[in-house]
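[1] Show me how the following folds:
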Amino acid sequence: MKKLVIWGTGNKASELLMIYNCMPDNEKMQIIGFVDNDKKKWEGGRTFQNLPIYSPQQLEDLDYDYISIWVANDITWRTIYLQLTKELGVFDYQIIDIFEIFKRKLSAKYYNYDKSVQ
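    As a prediction, the model looks like this:
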């Protein structure tokens, strides 16, 4: 199973995690933890949704396949994307929209369903 790190520990991350948990198991990756720029959120070994919160600098020590950015707005998303690729050495292909894969499969399923009904 592929390993996923989520960037973000705010309300948007909580909301998306609820949606993610409703996805079929075969569509999921193993979430190994969260990353946040806010030191108060990761110092002292704090957790989010029962998973560890890491500092951005700890990413290089983690064994993960992909990172998904779960934040409230596009400006913040872009800032984090640049931080990951320019400062932290994360490859572009490792930053994914975990829901895009699921949305494509749903779309294909219902698109094919709609075609068969016509």
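[2] Which strand residues bridge I67?
    Using DSSP bridges, the bridge partners assigned to I67 are V5, I95.
[3] begin at 331 from here
    With 331 as the first residue, the last one maps to I397.
[4] Below-threshold pLDDT in this protein: ranges please.
    Across the chain, the ranges flagged by pLDDT under 70 are 356, 431-432, 435-436, 438-448.
[5] Go again with 80.
    Within the chain, the ranges that satisfy pLDDT under 80 run 354-358, 428-448.
[6] quick one, helices of it?
    Ranges of helices in the chain, per DSSP state H, are 341-351, 369-372, 404-412, 428-447.
[7] Now do the buried residues in the first one.
    By neighbour count, and taking 16 or more other C-beta atoms under 10 Å as the criterion, the buried residues in helix 341-351 are 342-343, 346-347, 350. C-betas here are computed from N, CA, C, even on glycine.
[8] quick one, what contacts A343?
    Shown in contact with A343 (C-beta atoms under 8 Å, 6 or more residues apart in numbering): 336, 364, 378, 400-401.
[9] and the gap between it and R434?
    In this structure, A343 and R434 are 22 Å apart, going by C-beta to C-beta, to the nearest Å.
[10] Now tell me what touches stretch 425-432 from outside.
    Residues from elsewhere that reach stretch 425-432, judged by C-beta under 8 Å, 6+ apart: 334, 346, 349-350, 353, 357, 359, 396-399, 411, 414-415.
[11] If anything else comes up later, I'll come back, but that's it for now.
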